[in-house]
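S.K.: Turn this into a model:
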Amino acid sequence: MKARLSLLFLIAVIFSGMAVAQDQPKVELTGDYSYYRFNPGLPSLWNSQNLNGGGGQAALYLNSWFGIAADLQGYGGYTQCVNPNNPLGVTGCASATAFTYMFGPQIKYRAGKFEPFAEVLLGGAHSNFYGNACKDISGICGSVSPTNNAFALAVGGGVDIAVSSRIAIRLVDADFELTRFGNNFTGGNNSQSNFRFQTGVQFRF
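M.R.: As a prediction, this is how the structure comes out:
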């Protein structure tokens, strides 16, 4: 009898543990709107640009608080014109798009429905702005065609609000984003300081 009671108790503990574990999502998929403040570099030629776009993030949580995230964001066409008082005396505009793809750790504190998180993401950025400016604006480009790809790093965090066990609202995700486009347009400054803000809906599994 005691053996049976012990076995039943053990089974109850195991299933209770499984139930608790299932309360914590293993996978979080977020679709978002993204605002991106893009700094092309070399202020004497280019102003910072406000970009609108969106994308998604997939996070695999290894336990209740630590996960690995993959973040993909795209930004639609925009046009950037040369500052009229630039030292080269050139005029013209270039149209472009932008895309970022980054991966890295994400840490989340689950306090009921309120879930603040922090993240560090590394990867790449793609923008055809530099190449298009070289092609479309006469006299602005040197002999070497600028690259459209660069290293990217995002550091920041935000807050998710759990609506149910399956759905959450990403209230805010704000990141400082560093890109490393190095070419004659950036005047030897190979680091661009950018900012992004995101909000969206999250599905959990």
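
S.K.: so where's this structure shaky on pLDDT?
M.R.: 1-22, 143, 187 (pLDDT under 70).

S.K.: So which residue is dead centre in it?
M.R.: residue 71 (5.2 Å; Cα atoms, centre = their mean).

S.K.: That one contacts residue 105, doesn't it?
M.R.: No. Counting by Cβ atoms under 8 Å, residue 71 stays clear of residue 105, with 11.8 Å between them. For the C-beta atoms, the positions are set from N, CA and C on the backbone; glycine is no exception.

S.K.: residue boundaries of the helices in the chain?
M.R.: Per DSSP state H, the chain carries helices over the ranges 2-23, 129-136.

S.K.: Point out the other helices and strands that the last one packs with.
M.R.: Contacts defined by 3 or more Cβ pairs under 8 Å, 6 or more residues apart in numbering; DSSP states H and E place helix 129-136 against strand 93-108.

S.K.: Check which residues of the strand it packs on are buried.
M.R.: 94, 96-102, 104, 106, 108 (16 or more other Cβ atoms under 10 Å).

S.K.: In this structure residue 175 contacts residue 196, no?
M.R.: Yes. With contact defined as Cβ under 8 Å, residue 175 and residue 196 form a contacting pair (5.3 Å).

S.K.: Could you name every residue contacting both of these two?
M.R.: residue 154 (Cβ atoms under 8 Å, 6 or more residues apart in numbering).

S.K.: ok, how many other residues are close to the residue lying closest to residue 142 once chain neighbours are set aside?
M.R.: Nearest non-adjacent residue to residue 142, counting by Cβ to Cβ, 6 or more residues apart in numbering: residue 184, 4.5 Å away. Counted with other Cβ atoms under 10 Å, residues neighbouring residue 184 total 16.

S.K.: if we can go back for a sec, tabulate the buried residues of strand 93-108 in TSV, adding columns for distance to residue 119.
M.R.: Formatted as TSV, these follow (distance: Cβ to Cβ, whole Å):
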residue	distance to residue 119
94	32
96	27
97	24
98	20
99	19
100	13
101	14
102	9
104	6
106	4
108	9
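
S.K.: now, which of the residues you listed sits nearest residue 135?
M.R.: Minimum distance to residue 135 across the buried residues of strand 93-108 is 7.9 Å, recorded for residue 94 (Cβ to Cβ).

S.K.: how near is that closest one to residue 79?
M.R.: 7 Å (Cβ to Cβ, to the nearest Å).

S.K.: returning to that earlier point: tell me the bridge partners for the residue nearest to the centre of the chain.
M.R.: For residue 71, the beta-bridge partners are residue 57, residue 102 (DSSP bridges).

S.K.: mind listing what it touches?
M.R.: By Cβ under 8 Å, 6+ apart, residue 71 lies in contact with 55-57, 100-103, 121, 123, 154.

S.K.: hmm, try it at 10 Å
M.R.: Neighbour list for residue 71: 30, 32, 34, 55-59, 100-104, 106, 119, 121, 123, 152, 154, 173, 175, 196, 198 [criterion: Cβ atoms under 10 Å, 6 or more residues apart in numbering].

S.K.: same question, residue 33
M.R.: If you count contacts by Cβ under 10 Å, 6+ apart, residue 33 has them with 52-55, 73, 170, 197-201.
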